[in-house]
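Asker: Okay, sequence plus prediction incoming.
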Amino acid sequence: MARITIIETGLVPQKHRERHGSFPDMFERMIRAEDPTATVDIVSIPNGDALPDPRGLEAVLITGAAAGVYDGLDWIAPLEDFVRTAYANKTPMVGVCFGHQLIAQALGGTVRKSEKGWGIGRHVYQVLPENGVVDGEAVAIAASHQDQVIEPPNDALTILSSEFTPHAGLLYANGATLTVQPHPEFDVAFAQVCCDLRDGKAPDDVVATARESLAQPMDNATLGGAITRFLARR
């Protein structure tokens, strides 16, 4: 039975939380779809929870957030220390969106706001063959980001990529760390919310195209299942 500690780094806007839940709620649904026996613990940075010692955890998942990893907020450096300790200990660890970027930055990569602008709606990512974690030739998953990993750490292998996001999925050399830019935890309804939140912030045509894209099939179960199995490896 997997025991996964979710590190909540950001909050779903209050008016959407009652219907869609928190980010940990979304991840818990994703995890239980693959492994109904999994146990989930939540550490909420926005609520003031202290970070545990990752050497005592079975597995870690770091969520998305509205913050940028380069913003210099007072909780980011301690979280980077947490990541480096988990990495050295080979604690199974996954980061999604902000978590993907934070892990990359903590381990020597470069993250910044992309000149390509907002990535929202359904994005299709090519899968590196025989990567050992994610099956198939491509996966379609909802995205919601401006920041990107521009240069991955030396220890990272890119296993998901697209023209818009060249380093959308990274598998690390310690064999216990996997990160992805898109959101396999988002259902279509919440991906639509993310499009709505970009009205007036992203170009109108980008938002309209993103909304339309969400009518096409998604591969949440493929990527969400791969993440859950990865976290249960230990």
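Answerer: Thanks, I have the structure now.
Asker: which residues of this protein fall in helices?
Answerer: Under the criterion DSSP state H, helices of the chain are mapped to 14-20, 23-34, 76-89, 98-106, 188-197, 204-213, 220-231.
Asker: and the last one, what does it pack onto?
Answerer: This points to helix 220-231. Secondary-structure packing of helix 220-231 (3 or more C-beta pairs under 8 Å, 6 or more residues apart in numbering; DSSP states H and E): helix 23-34, strand 60-62, strand 93-96, strand 138-145, strand 177-180. Backbone N, C-alpha and C define where each C-beta goes, glycine included.
Asker: Which one of those lies nearest to residue 49?
Answerer: Evaluated over these, closeness to residue 49 peaks at helix 23-34, with 11.4 Å, by C-beta to C-beta.
Asker: Could I have the CA atoms of the closest one written out in CSV?
Answerer: Output in CSV follows, covering the C-alpha atoms of helix 23-34 (Å, rounded to 0.1, in the frame of the first residue of the first chain):
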residue,chain,number,x,y,z
PHE,A,23,-5.2,20.7,-5.5
PRO,A,24,-4.6,17.8,-3.0
ASP,A,25,-8.2,16.7,-3.4
MET,A,26,-7.7,16.5,-7.2
PHE,A,27,-4.5,14.5,-6.8
GLU,A,28,-6.1,12.2,-4.3
ARG,A,29,-8.8,11.4,-6.8
MET,A,30,-6.1,10.8,-9.5
ILE,A,31,-4.2,8.5,-7.2
ARG,A,32,-7.2,6.5,-6.0
ALA,A,33,-8.3,5.9,-9.6
GLU,A,34,-5.1,3.9,-10.1
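Asker: Now do the buried residues in it.
Answerer: 23, 24, 25, 26, 27, 28, 30, 31, 34 (16 or more other C-beta atoms under 10 Å).
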